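Enquirer: With the sequence up front, the predicted model follows.
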Amino acid sequence: MRIDKTKVKRILVIGLSNVGDAILTTPVIQALRKEFPQTHLAVLVGPRAFSVFKDDWRIDNKIIYDKTISWKNKLALVNRLRQDRYDLVVDLRHSAFGILLGARYKTSVFAKPPKSLMHMKDRHLWKLKSLGLYIAEAPGPSVVFNEDDQNYIDQIFNKWQIKQGRIVVAASPGARNITKRWEKEGYIQLIKRLIKEYDAKVIIVGDKQDQPLARR
């Protein structure tokens with residue numbers, strides 16, 4: 001499928017539910033905004049991952065989708081989205097939204113990225129390439145912060161005397177789905193190497209439930 005860019009006025013990206021997964025989809029947002037700078041861009045995302053996109057100026061509309069809602073409410077959401085008449089639907093969930101919304105262009109639920117693409121960022125970007133979009137340079141994950149968030153980060157850096165130009169690594173050992181957690185010993189060995197080989201400052205991040213794991 002080849003996209004006629006002149007016919008794409010409205011784009012919907014079907015995003016993922018968990019924060020870490022959502023961050024790895026941000027290269028898709030960046031690539032779409034570069035390819036379609038004037039196009040209306042909307043993102044459908046789960047409640048937990050909404051914070052990743054809430055201040056993102058690249059996105060014109062953020063729509064929360066709670067997959068636990070009733071079928072009646074799901075159908076109401078589909079009807080509402082159909083009324084928005086999206087020309088392109090990029091579905092990163094492998095759901096039926098692309099078919100139900102009747103978009104002119106949509107990613108296929110059956111198209112699978114090559115097994116050689118190991119990183120989820122690259123697998124998500126492959127979805128765009130499967131539509132015939134040329135991605136010259138694969139962008140990395142990027143999250144847009146508001147001023148309050150930036151001030152909070154500055155306070156942390158000042159408290160721990162982290163200077164500009166220092167390599168800073170955020171380690172997030174927690175995960176909502178325990179099957180997505182890497183072993184604690186793996187994190188410990190990796191952090192030791194980052195400090196020894198790169199003189200990196202390492203910040204362990206997570207929510208309150210991750211505190212016991214972070215202390216370990």
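Expert: That came through fine. Worth saying up front: this structure is predicted, and the values here are computed from it rather than measured.

Enquirer: Do a quick rundown of the strands in this protein.
Expert: Here the chain has its strands, by DSSP state E, at 10-14, 40-45, 61-64, 88-91, 105-106, 168-171, 201-204.

Enquirer: Tell me which of the ones you listed sits most buried.
Expert: Highest mean neighbour count of these: strand 88-91, a mean of 25 (counted as mean count of other Cβ atoms under 10 Å). All C-beta atoms are positioned from the backbone trio N, CA, C, and that covers glycine.

Enquirer: Which strands and helices lie in contact with the helix of greatest length in the chain?
Expert: For the chain, the longest helix by residue count, based on DSSP state H, is helix 184-198. Contacts defined by 3 or more Cβ pairs under 8 Å, 6 or more residues apart in numbering; DSSP states H and E place helix 184-198 against strand 168-171, strand 201-204.

Enquirer: And the first one, how far out from the chain middle?
Expert: A distance of 18 Å separates the centroid of the chain from that of strand 168-171, by Cα atoms, centre = their mean, to the nearest Å.

Enquirer: Can you tell me what sits against it?
Expert: Defining contact as Cβ atoms under 8 Å, 6 or more residues apart in numbering, one finds that strand 168-171 is touched by 157, 162, 187, 190-191, 194, 200-205.

Enquirer: and the helix-or-strand element of the chain with minimal mean pLDDT, which residues are buried?
Expert: Lowest by mean pLDDT, DSSP states H and E among the helices and strands of the chain is helix 97-100, with a mean of 86. Neighbour-count burial for helix 97-100 flags 97-98, 100 (criterion: 16 or more other Cβ atoms under 10 Å).

Enquirer: try stretch 129-138
Expert: Neighbour counts using 16+ other Cβ under 10 Å place 131, 133, 135 of stretch 129-138 among the buried residues.

Enquirer: Which residues are in contact with the first one?
Expert: What it means is residue 131. In this structure, residue 131 makes contact with 1-3, 88, 90, 105, 107, judged by Cβ under 8 Å, 6+ apart.

Enquirer: Kindly list the main-chain dihedrals of it?
Expert: Main-chain torsions, residue 131, degrees, to the nearest 10: phi -90, psi 0.

Enquirer: about what we covered before: and the helices and strands packed on helix 184-198 as JSON lines, adding distance to residue 43 and mean pLDDT?
Expert: Shown next, in JSON lines, are the helices and strands packed on helix 184-198 (distance: least, Cβ to Cβ, whole Å; pLDDT from 0 to 100):
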{"stretch": "strand 168-171", "distance to residue 43": "23", "mean pLDDT": "94"}
{"stretch": "strand 201-204", "distance to residue 43": "27", "mean pLDDT": "94"}
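
Enquirer: Now render the ones you listed as CSV, adding distance to residue 123.
Expert: Formatted as CSV, the helices and strands packed on helix 184-198 follow (distance: least, Cβ to Cβ, whole Å):
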stretch, distance to residue 123
strand 168-171, 22
strand 201-204, 27
